[in-house]
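> My questions concern the predicted model and sequence given below.
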Amino acid sequence: MTTIVTENCIDCRFTDCVTVCPVACFHHDDKMLYIDPDVCIDCSACIPECPVQAIYEGDDIPEDQEKWIEINAERVNGLPVCEEQMEPLPGAEERKTALGY
Amino acid sequence: MSTLGTEQNPLLVAIVGSGPSGFYAAEALIKSEIAVKVDVLEKLPSPFGLVRSGVAPDHQKLKQAIKLYEKIADSSDFNLIANITIGIDITVEELCASHHAVIFTCGAESDRKLGVPGEDLKGSYTATEFVGWYNGHPDYRDREFDLSHDVAVIIGQGNVAADVSRILSKTVDELKYTDIAQHALDTLAESKLREIHVIGRRGPAQAKFTPKELREFGELTDCNPIVTEQDLLLGLESISELEEKSNVASKKIYDLFCEFSKRDIDNNKSKQCIFSFLMSPKELVGDSRLEKIVLEINSLSGEPFKQSARGSGKMIELESGILFRSIGYRGIPIKGVPFHESWGIIPNAKGRVTDNDNNVVPQFYTAGWIKRGPSGIIGTNRACSVETVSCLLEDLKKLDNGIKKSGADAIYKILQSMNIHPVNYDDWKKIDAKEIQRGEPKGKPREKYTYIDEMLSVTE
């Protein structure tokens, strides 16, 4: 069981999720966020916070998003922890609309 | 005197309660740009509040939030003063004199009542008592729960109701390698329960479980999750609630109920956990103890997302020897601190405590369930505490009245004069190590001390 950030986060990076993470397990690059599976406690507090529903927990991950399990686990290495909300990326609102949210 | 918030004159903050919101408030203060000293006051000898004594023992992963709290506690700016009750050992006035600011993070310790006849019959309990009992909370150590009946009823459909129902539905083998208290495991081993009814006043589209908690009922080794198809029929308003994209969690819950309803009952399993909807208890009946529950059938009325349950006048009876209510929680007032009676919280604006006339009370702040009511999960409290601390830091100038404060020293002096010995974080680490050691031979992550005297004897 693991909780992961998926495709919808790319170019949005709203970071609402990080404010409710009890263990500071989010990392970021300049595109999106990732969850460190070794730190995450699967509490699922972050899931309803995402304005574009990019976060899934283990049993709910859609098949076409399963590759993100590995990507999250790999990408967190060396990337800074994101503990506080940041400005969404430029164009995030437009992307959110395009995604249908 | 140097400016408040500098090394020479650090901001002194007392935090009342060492649960998640207390620790997240401490974290936000310690990480801020100013110099602080944080004293966290705790009623029990053990810290971590509901992560230790609320989160269910079979959810060990969630309890790993404690790892972060341990890191916060390692900071030289953090100090734990435990086994101290505010309002009894130390007054709120004394805290105000010793510290620049006080943050109340003492949670919602008491249960909302059903308000029906028979509520206080033997056999009718609060979820709080049961959760505290199986988690080894000293206040509930000596409660006795008679599980010699066939049928148990849980009133409420939130995550606490799910925890209580799941613990009752599990076998001893599913629990024995958790940190469940031994006395609870021994009682559960003798349980004769065959039916566990989980009853909500509204419909399946309004149940407040998280999908993850509900899913666990489908994975129990000796218990079938039961939902009847009839119970899953929805009105138009509920259908439109589930169609709303942002309401994805309720949709998942409804889908899980549908999945449960389509399952064949596995006759090899000895227990059934039955989810029922649109019913409210009207009376608990019994001579010397609970024998049956009179339930009124409800219907929903109102706009989508504002639907409330209305009694239809039609009653049904359910024979049951034990009932747990989990219909909401409220805080307990502290002497000298404003309290909103009907909401059961400390009134506040973004964490600044306010009085009855909505005026901000200087020095007083609040976070967590006592600030916003009993909603959200562990992480929700982080955002909540960060909001409170940012208000507190904005008020820095107002908090400086030019009088030198003594912080923890003043508290220790008062306690010493009363011959009270508080438990500090190093003492707790000894208790913690001993509990882990006690758990090892049983294959448990820890065997908790459930009496305060036992904990204190370890620190000596």
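That came through fine.
> going forward, measure contacts between C-alpha atoms and count neighbours the same way
Fine.
> who's the closest residue to residue B:118 other than its chain neighbours bridged to?
Nearest non-adjacent residue to residue B:118, counting by Cα to Cα, 6 or more residues apart in numbering or on different chains: residue B:284, 4.5 Å away. Beta-bridge pairing for residue B:284 (DSSP bridges): residue B:293.
> since we're on residue B:284, how many residues are nearby?
Neighbour count of residue B:284, defined by other Cα atoms under 10 Å in any protein chain shown: 25.
> residue boundaries of the helices in chain A?
With DSSP state H as the criterion, chain A has helices at A:67-75, A:92-98.
> which stretch among these comes nearest residue B:181?
Of all these, helix A:67-75 sits nearest to residue B:181, with 35.0 Å by Cα to Cα.
> residues of that closest one that come out buried?
A:68-69, A:72, A:75 (16 or more other Cα atoms under 10 Å in any protein chain shown).
> could the residues you listed go into JSON lines alongside pLDDT and distance to chain B?
Below are the buried residues of helix A:67-75 laid out as JSON lines (pLDDT from 0 to 100; distance: Cα to the nearest Cα, whole Å):
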{"residue": "A:68", "pLDDT": "95", "distance to chain B": "20"}
{"residue": "A:69", "pLDDT": "95", "distance to chain B": "18"}
{"residue": "A:72", "pLDDT": "96", "distance to chain B": "19"}
{"residue": "A:75", "pLDDT": "95", "distance to chain B": "22"}
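> Reformat those residues as a markdown table; add distance to residue A:9.
Converted to a markdown table, these look like this (distance: Cα to Cα, whole Å):
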| residue | distance to residue A:9 |
| --- | --- |
| A:68 | 11 |
| A:69 | 14 |
| A:72 | 12 |
| A:75 | 14 |
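> Pull up the gap between residue B:391 and residue B:338, please.
According to Cα to Cα, to the nearest Å, residue B:391 and residue B:338 sit 18 Å apart.
> hang on, the earlier thing: tell me which residues touch the residue nearest to residue B:118, please.
B:116-119, B:121, B:290-294 (Cα atoms under 8 Å, 6 or more residues apart in numbering or on different chains).
> Widest-spaced pair of those residues?
Greatest spatial distance among these (Cα to Cα): B:116 and B:291, at 14.9 Å.
> who's more crowded, the two?
Higher neighbour count among residue B:116 and residue B:291: residue B:291, with 19 against 11, using other Cα under 10 Å.
> Which residues are in contact with that one?
Counted by Cα under 8 Å, 6+ apart, residue B:291 has contacts B:284-285, B:319-321.
> what does residue B:214 give?
Here residue B:214 is in contact with B:162, B:253, B:256 (criterion: Cα under 8 Å, 6+ apart).
> what about it, helix or strand, and which?
Using DSSP states H and E, residue B:214 sits within helix B:211-215.
> near chain A, which residues of the stretch 251-400 of chain B?
Proximity of the stretch 251-400 of chain B to chain A is confined to B:376-383 under the rule Cα under 8 Å from any Cα of the partner chain.
> Quickly note the distance from residue B:333 to residue B:339.
From residue B:333 to residue B:339 the distance is 6 Å (Cα to Cα).
> And these two? Which one has more around it.
Under the criterion of other Cα under 10 Å, the comparison of residue B:333 against residue B:339 puts residue B:339 first, with 22 against 17.
> So the more buried one sits against residue B:354, correct?
No: using Cα atoms under 8 Å, residue B:339 makes no contact with residue B:354, being 9.1 Å away.
> Mind listing the shared neighbours of the two?
With Cα under 8 Å, 6+ apart, residue B:339 and residue B:354 have common neighbours residue B:347.
> of all the residues in chain A, which ones are close to chain B?
Residues of chain A found near chain B, taking Cα under 8 Å from any Cα as the criterion, are A:19-23, A:41-43, A:45, A:48, A:101.
> hmm, try it at 10 Å
Within chain A, the positions lying close to chain B (Cα under 10 Å from any Cα of the partner chain) are A:16-24, A:39-53, A:57-60, A:84-85, A:100-101.
> from the contacts of residue B:284, which would you call buried?
So, of the contacts of residue B:284, B:118-119, B:121, B:290-294 end up buried under the neighbour-count rule (16+ other Cα under 10 Å).
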